[in-house]
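K.L.:
Whatever this is, show me its structure:
(2 chains)
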Amino acid sequence: MIDRKHIGYTSPPFTTEIERGRLRFFAQAIGETDPIYTDEAAARAAGHPSLPVPPTFFFCLEMDRRAPYGWFEDLGIELAKVLHGEQQFVYHRLAHAGDRLRFDSTVVDLYERKGGLLEFVVQDNVITNQRGERVAEFRRTLVIRHG
Amino acid sequence: MAETLRHASVAIGEALPPLACPPVTRTMLALYCGASGDHNPLHVDIDFAREAGLDDVIAPGMLVMAWMGRTLTAQIPQAAIRSFATRFHAMTRVGDAITCTAKIVEKTVDGGEPRVRVAVEARDQRGELKAAGDALIALPA
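P.N.:
The predicted model follows:
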C-alpha cells in the first residue's frame, strides 16, 4: 500500500519547448487529418501563430521529463500494475509550437477500494507558458491492481 | 457544422458526426508510443504485458481519448473547449475498432458565456464501452 505521507508529493518542475515536428508526429499517430495540426500555413490561415497543441497532448508533454516514471519509484508504485482510470483537462488558452510550457505536478490524493485490491493515485498538473500565463490544468487518476 | 453550431439553435440530444477509427494495430501502438512520449511497455511489449498478467499489449487510454478529442475538434474550434474529461471503462486491445460518438446533453451559461456540455463515448466493434466522458464547449450565442 502506498504510504499516505506521499499526498502532497511534488515532481521536480519541468519545462519543455513545443516542437513542430513532434506535433506532426503526434497528429500522424492519432490519425489527425485537420491540416491546422500539421501545416503551418493552414494553422496561420485559421488564426493560429503556429501549430496548436491538440487537447490531449499536454498529458504527453509532461512525460518528456527526464524520468517520467521517477515518481512511481518514489511512491513505490509498480508500473506493471498501473492502469489509467480517469483523465481530466481544464483549458484556459491554447499553446502552440515554439511555446515553452512549465509543468508543476503534485499528488493530491491516495485511496483504496475493494478492500485494498485497487489503489488510486490522483495527480494534478498545472501548465504555465513562457509569459507566465496559465494554459491548462490536468488531473490523472491511476489505478493500481493488486491480485 | 463548425460554423453553424450556435448556442441558441443547438438542441439537447443533437449528435456530432461520429468518428470511426481504424482497428488498433501494433504499428499504431508503436507510433503512438514514440509520438506521445509515453514509453510504458504495457502498450508495446508483449513480454512485459504477459508478466503484468495480461494476454497481450493494450492500447493507451490516452490514444482513445485523443480520438475522442478529434471527434470534438472536427466540429468545434479547439479554443472553445473549456474542459474535457473521461473515465476509462475497459481495456482496448489489438484488433479493436473504436468508434467515438458525441452528443449535446446540456445547455448552460457560465459567467455570461453560453456553453454546451457534450457527452463523448468510445466503443469497440462489439459495442463495448471503452471510455466515456464529457466536454464543456463555449458556443457563440
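K.L.:
Give the residue farthest from the middle of chain B.
P.N.:
Here chain B reaches farthest from its C-alpha mean at B:Glu51, the gap being 28.6 Å by C-alpha atoms, centre = their mean.
K.L.:
That one and A:Met1: what is the separation?
P.N.:
22 Å (C-beta to C-beta, to the nearest Å). Using the backbone N, CA and C atoms, a C-beta is placed for each residue, glycine as well.
K.L.:
Equivalent analysis for A:Gly85, please.
P.N.:
From A:Gly85 over to A:Met1 (counting by C-beta to C-beta), the distance is 17 Å.
K.L.:
Which one's more surrounded, those two?
P.N.:
Between A:Gly85 and A:Met1, counted using other C-beta atoms under 10 Å in any protein chain shown, A:Gly85 has the larger neighbour count: 18 against 10.
K.L.:
Next SSE downstream of whichever strand or helix holds the more buried one?
P.N.:
Using DSSP states H and E, A:Gly85 maps to strand A:82-91. Downstream of strand A:82-91, the first helix or strand assigned by DSSP H and E is strand A:100-113.
K.L.:
Distance from that following strand to the middle of the chain?
P.N.:
Here the centre of strand A:100-113 is set off from its chain's centre by 10 Å, with C-alpha atoms, centre = their mean, to the nearest Å.
K.L.:
cool, stretch A:97-106 as well?
P.N.:
With C-alpha atoms, centre = their mean, you get 10 Å for stretch A:97-106.
K.L.:
and that stretch, anywhere near chain B?
P.N.:
No - under the criterion of C-beta under 8 Å from any C-beta of the partner chain, chain B is not reached by stretch A:97-106; the shortest gap measures 12.4 Å.
K.L.:
CA atoms only for that stretch, dumped as PDB, please.
P.N.:
What follows is stretch A:97-106, C-alpha atoms only, in PDB (Å, rounded to 0.1, in the frame of the first residue of the first chain):
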ATOM      1  CA  ALA A  97       4.700  25.300 -31.500                       C
ATOM      2  CA  GLY A  98       7.500  27.400 -30.100                       C
ATOM      3  CA  ASP A  99       5.900  28.000 -26.700                       C
ATOM      4  CA  ARG A 100       7.700  26.900 -23.600                       C
ATOM      5  CA  LEU A 101       5.500  25.100 -21.100                       C
ATOM      6  CA  ARG A 102       6.200  24.500 -17.400                       C
ATOM      7  CA  PHE A 103       4.600  21.600 -15.600                       C
ATOM      8  CA  ASP A 104       4.100  21.600 -11.900                       C
ATOM      9  CA  SER A 105       2.900  18.100 -10.700                       C
ATOM     10  CA  THR A 106       1.500  17.200  -7.300                       C
END
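K.L.:
Show residues contacting it.
P.N.:
Stretch A:97-106 is contacted from outside by A:8-11, A:13-20, A:23, A:49-51, A:53, A:58, A:61-62, A:65, A:71, A:95, A:123-130, A:135, using C-beta atoms under 8 Å, 6 or more residues apart in numbering or on different chains.
K.L.:
Among the residues you listed, which ones are in strands?
P.N.:
A:Phe14, A:Thr15, A:Thr16, A:Glu17, A:Gln123, A:Asp124, A:Asn125, A:Val126, A:Ile127, A:Thr128, A:Val135 (DSSP state E).
K.L.:
among the residues you listed, which ones are buried?
P.N.:
A:Phe14, A:Thr16, A:Gln123, A:Asn125, A:Val126, A:Ile127, A:Thr128, A:Val135 (16 or more other C-beta atoms under 10 Å in any protein chain shown).
K.L.:
Can you name the residues that contact the first one?
P.N.:
This means A:Phe14. A:Glu62, A:Asp64, A:Arg65, A:Arg102, A:Phe103, A:Ser105.
K.L.:
What distance do you get for the first one to B:Arg50?
P.N.:
Going back to what we said before, that points to A:Glu62. From A:Glu62 over to B:Arg50 (counting by C-beta to C-beta), the distance is 28 Å.
K.L.:
Compare neighbour counts for the two and give me the winner.
P.N.:
The neighbour comparison of A:Glu62 against B:Arg50 (other C-beta under 10 Å) goes to A:Glu62, with 23 against 12.
K.L.:
wouldn't A:Gly31 be in contact with B:Val24 here?
P.N.:
No - using C-beta atoms under 8 Å, A:Gly31 is not in contact with B:Val24, being 11.2 Å away.
K.L.:
Please consider this matter closed, and thank you.
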